[in-house]
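Asker: Sequence and predicted model, in that order:
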Amino acid sequence: MGGSSTGGRLNGDQWQIVGFSISGGEHGYDLRVVAAPRDVWEKIKAEDEAEIEATEFLVHDVDPLTILRQMTHAFELKLLLRGLDGRQVRVRALSDLPSELFVDEIFGPQD
């Protein structure tokens with residue numbers, strides 16, 4: 001399967017975006033877009049459980065978090081310790097912490 005787009009753009013006539021990922025860390029983040037060729041996408045039926053072949057594109061010179069803010073009306077991200085090994089965590093109370101009691105103490109002063 002070819003991994004090219006036309007003219008440095010992901011041509012909507014040729015590709016159907018089926019997902020994206022944001023990865024990175026303290027030195028920055030990458031945005032990757034997963035797209036299936038349009039001719040493959042158009043043959044897929046809702047009841048079909050077959051694998052979809054796609055290409056992952058690294059998008060250059062963008063702030064993935066800005067893109068995420070622009071494309072979502074609501075967003076939730078929850079991270080749990082790997083050591084929980086799939087165990088359910090039940091939240092039984094809600095509370096608030098000022099940033100200096102959590103962020104500044106643990107990660108240092110924020111700009």
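Answerer: Perfect, I can see it now. Numbers count the residues shown, from 1 in each chain.
Asker: give me the element Ser21 is part of.
Answerer: Applying DSSP states H and E as the criterion places Ser21 in strand 15-25.
Asker: Now do that strand: everything it contacts.
Answerer: Here strand 15-25 makes contact (CB atoms under 8 Å, 6 or more residues apart in numbering) with 5, 10, 29-38, 41, 52, 54-56, 64-65, 68. Just so you know, the C-beta spots here come from the backbone N, C-alpha and C atoms, and that holds for glycine as well.
Asker: In helices only, show me those.
Answerer: 38, 41, 64-65, 68 (DSSP state H).
Asker: Quickly list what the residue nearest to the spatial centre of the chain is bridged to.
Answerer: Residue closest to the mean C-alpha point of the chain, counted by CA atoms, centre = their mean, is Ser21 at 3.1 Å. With DSSP bridges as the criterion, Ser21 is bridged to Arg32.
Asker: Could you turn the buried ones of the contacts of strand 15-25 into a PyMOL selection?
Answerer: Buried residues among the contacts of strand 15-25 (16 or more other CB atoms under 10 Å), as a PyMOL selection:
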select buried, resi 10+31+33+34+35+36+37+54+55+64
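Asker: Max pairwise distance over the ones in helices among the contacts of strand 15-25: which two?
Answerer: Within those, Arg38 and Leu65 form the most distant pair, 28.6 Å apart (CB to CB).
Asker: Give the rounded mean pLDDT of stretch 55-62.
Answerer: Confidence for stretch 55-62, expressed as mean pLDDT, is 91.
Asker: No further queries at this time; thank you.
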